[in-house]
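In: Build me a structure from this.
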Amino acid sequence: MHIPSVAFTNSTPIYKELGERYIKHKSGLFILAPSGAGKTHFCKNQTEKHWIDGDELWMKAGAHPDGPWWKEPLEVINRVDQRSDVITMEAKNEGFWILGASNYWLKPDAIVIPDWETHKQYIAHRETNNYDGGATSDDHSQVLGHIEVIKAWHVNHNVPLYKSIPEAVAALIPS
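Out: Modelled structure (predicted):
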């Protein structure tokens, strides 16, 4: 897969457009969770548009290429994740709240790792009901590898770890 090069540009129009559809906050947030953990489902079903699905943000900014880049060699995945971190950092600076799986060096505010049996059910349900990209049942080993990478944020940097997106959101934004 060829990943087109990107140049840093003024992304004000992207954030302006997102600000017309999503609520901007005093402080931005980033929750990191692996593919199939329920990020897109949560974003689509929120009653008020607080949380942006990271895939939407990263695609608009050109950090994610078209196609299943996550099935490419680690060098490609790392490159895409590094580009995504820059966009996530800027979006947080703008006051947006992001749920996503792309991360390389940017410390998340929380991480979500569902119980593995539940996680496999989420992946299977998405795969058979409304597949919109991401890991499938054939990708369980890759998802497990990504979970180990994500857990390192908790172990090495004390990033809070939660079992579900609603649990992480409730902890970050107490009512």
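
In: show me the contacts for the spatially most central residue of the chain.
Out: Of all residues in the chain, the one closest to the mean position by CA atoms, centre = their mean is G100, 0.7 Å from it. Contacts here follow CB atoms under 8 Å, 6 or more residues apart in numbering; on that basis G100 touches 30-33, 39, 53-55, 57-58, 84, 88. No exception for glycine: its C-beta is placed from N, CA and C like everyone else's.

In: same check, this time on L32
Out: Contacts for L32 (CB under 8 Å, 6+ apart) come out as 100-101, 103, 108, 110-112, 150, 153, 159.

In: mind checking the end-to-end distance for stretch 86-99?
Out: By CA to CA, to the nearest Å, the extent of stretch 86-99 from end to end equals 15 Å.

In: tell me the mean pLDDT for it?
Out: Stretch 86-99 carries an average pLDDT of 96.

In: neighbours of Y104, just the number please.
Out: Look at Y104: counted by other CB atoms under 10 Å, it has 15 neighbours.

In: Now it: closest residue in space that isn't a chain neighbour?
Out: D81 (4.0 Å; CB to CB, 6 or more residues apart in numbering).

In: For that neighbour, give me its contacts.
Out: 102-104.

In: which SSE is it in?
Out: Using DSSP states H and E, D81 falls within helix 74-93.

In: With I111 instead?
Out: strand 110-112.

In: residue boundaries of the helices in this protein?
Out: Here the chain has its helices, by DSSP state H, at 12-21, 39-44, 54-61, 74-93, 116-129, 140-157, 165-172.

In: so what's A63 up against?
Out: Each residue near A63 by CB under 8 Å, 6+ apart is listed here: 6, 80, 83-84, 86-87, 102.

In: Just give the nearest non-adjacent residue to it, would you?
Out: Leaving out its chain neighbours, the residue that sits closest to A63 by CB to CB, 6+ apart is R83, at 4.0 Å.

In: Repeat that for L99.
Out: Residue nearest to L99 in three dimensions, not counting chain neighbours: K39, with 4.2 Å by CB to CB, 6+ apart.

In: Quick check, the one you found in contact with A168.
Out: No: using CB atoms under 8 Å, K39 is not in contact with A168, being 10.5 Å away.

In: Mutual contacts of those two, please.
Out: In contact with both K39 and A168: 31, 33, using CB under 8 Å, 6+ apart.
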